[in-house]
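Visitor: please work out how this folds:
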Amino acid sequence: MALGIFKRGGDSERAEMSFIDHLDVLRGHLFRSVIAIVIGAIVVAVFNKFFIRDVLLGPTHADFPTYGVLCRIGKALNLGGSLCMDGIGIKMQSTQVGAQFSMFFTVLLIGGIIIAFPYIFYEFWSFVKPALTQRERSKTRGVIFWVSFLFFLGVCFGYFVIAPYTIKFFAGFQLDENIENRWTISSYMDTIIPLVLGAGLAFQLPLVLFFLAKVGIVSGTYLAKVRKYSIVIIFIIAAVITPGPDIVSQMTVALPLLLLYEISILLARRVEKERAKEEKAEWS
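Guide: This next block holds a predicted model:
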């Protein structure tokens, strides 16, 4: 029995394959993706001091690039020192016997996934692509580049913008002056990793809405109609991501998300225009 998704004009050779054969093909893609992650993890392991001290713990250092850049931007915009931040003076601690050892492998895994992301998506796309018609394939050229580009752009935004604000806020927040902030390395990781990876996935918004427009689930007109609700949701997300009380930090996070939403509207409207032209050509 052939897998249904390959019956509507995709790769004829794949259409003749059984369900078990498709699983075997999928296993091959997954295996190669795992190999890519392992290679990425090896790179992180070889340069572990750089990735742990300078990258992972970077936002805790006073010389972290974001602090100086944001401070200069704030002064240039006559915002005073509202955007200026310093490194945090918190000593990390490990409260379990094997905590640092297990955390080391977590760093290798996450680092390997981030480094290998373009190849992982390439393998995923190679599995899905035969299900598309030739016309659909021509319209999705460059998808691997754009997905990877937006992912790394989001990761950089999460790491250089969102993470410093979040870490700085929690480092300075105290219920009482007698309560000292002393974090465990695992709690620090549990805060940083979701922020960075979450931002990488959030920056896929234009492509997600673009493909939803392609299949007719959303439209540019609808996205524009619900813009005001989307703006409220985006600012709520920004307020959650940046727990600081100042509006400047929330705007710093919200503006890129608003820009991505506007780009999504433009892409969806482009799909509408193309569909209208195709329908007009069919009727003429």
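Visitor: does I120 touch R32 like I think?
Guide: No. Counting by Cβ atoms under 8 Å, I120 does not reach R32; the two are 9.1 Å apart. Heads up, the C-betas are built off the backbone N, CA and C, glycines and all.
Visitor: which one's more surrounded, those two?
Guide: Neighbours per residue, other Cβ atoms under 10 Å: of I120 and R32, the larger number sits with I120, 22 against 15.
Visitor: please name the nearest non-neighbouring residue to T140.
Guide: Leaving aside its chain neighbours, T140 sits nearest to L132 (7.0 Å; criterion: Cβ to Cβ, 6 or more residues apart in numbering).
Visitor: neighbours of the one you found, how many?
Guide: By other Cβ under 10 Å, 19 other residues sit near L132.
Visitor: the chain: helices as residue ranges?
Guide: For the chain, applying DSSP state H gives helices covering 12-15, 19-46, 48-49, 65-76, 99-128, 134-139, 143-157, 163-172, 185-202, 205-214, 220-225, 227-241, 247-283.
Visitor: quick revisit: distance check, the residue nearest to T140 against I236.
Guide: 36 Å (Cβ to Cβ, to the nearest Å).
Visitor: what do you get for A116?
Guide: Taking Cβ to Cβ, one finds A116 at 33 Å from I236.
Visitor: so the two - more neighbours on which side?
Guide: Per other Cβ under 10 Å, whichever of A116 and I236 has more neighbours is A116, with 22 against 12.
Visitor: who are the neighbours in contact with the more buried one?
Guide: Shown in contact with A116 (Cβ atoms under 8 Å, 6 or more residues apart in numbering): 33, 36-37, 39-40.
Visitor: buried ones from those residues, can you make that a PyMOL selection?
Guide: For the buried members of the contacts of A116, the matching PyMOL selection, counting by 16 or more other Cβ atoms under 10 Å, is:
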select buried, resi 33+36+37+40
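Visitor: what sits closest to T221 if chain neighbours are left out?
Guide: T221 sits nearest to E272 (Cβ to Cβ, 6+ apart), 7.2 Å away.
Visitor: tell me the contacts of that neighbour?
Guide: 213, 219-221.
Visitor: same question for I110.
Guide: 193, 197.
Visitor: go with 6 Å
Guide: By Cβ atoms under 6 Å, 6 or more residues apart in numbering, the contact set of I110 is I193.
Visitor: so which of the helices of the chain is the most surrounded?
Guide: Highest mean neighbour count of the helices of the chain: helix 163-172, a mean of 20 (counted as mean count of other Cβ atoms under 10 Å).
Visitor: let me know the closest of the contacts of A116 to I185.
Guide: G40 (21.4 Å; Cβ to Cβ).
Visitor: which residues touch the closest one?
Guide: Contact analysis of G40 by Cβ under 6 Å, 6+ apart lists 112, 115-116.
Visitor: can you list the residues you listed in a markdown table and add pLDDT and distance to S102?
Guide: Formatted as a markdown table, the contacts of G40 follow (pLDDT from 0 to 100; distance: Cβ to Cβ, whole Å):
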| residue | pLDDT | distance to S102 |
| --- | --- | --- |
| G112 | 95 | 16 |
| I115 | 95 | 20 |
| A116 | 95 | 21 |
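Visitor: from W125, how far out is the most centrally placed residue in the chain?
Guide: Residue closest to the average C-alpha location in the chain (Cα atoms, centre = their mean): G200, at 1.0 Å. To W125, G200 is 17 Å away according to Cβ to Cβ.
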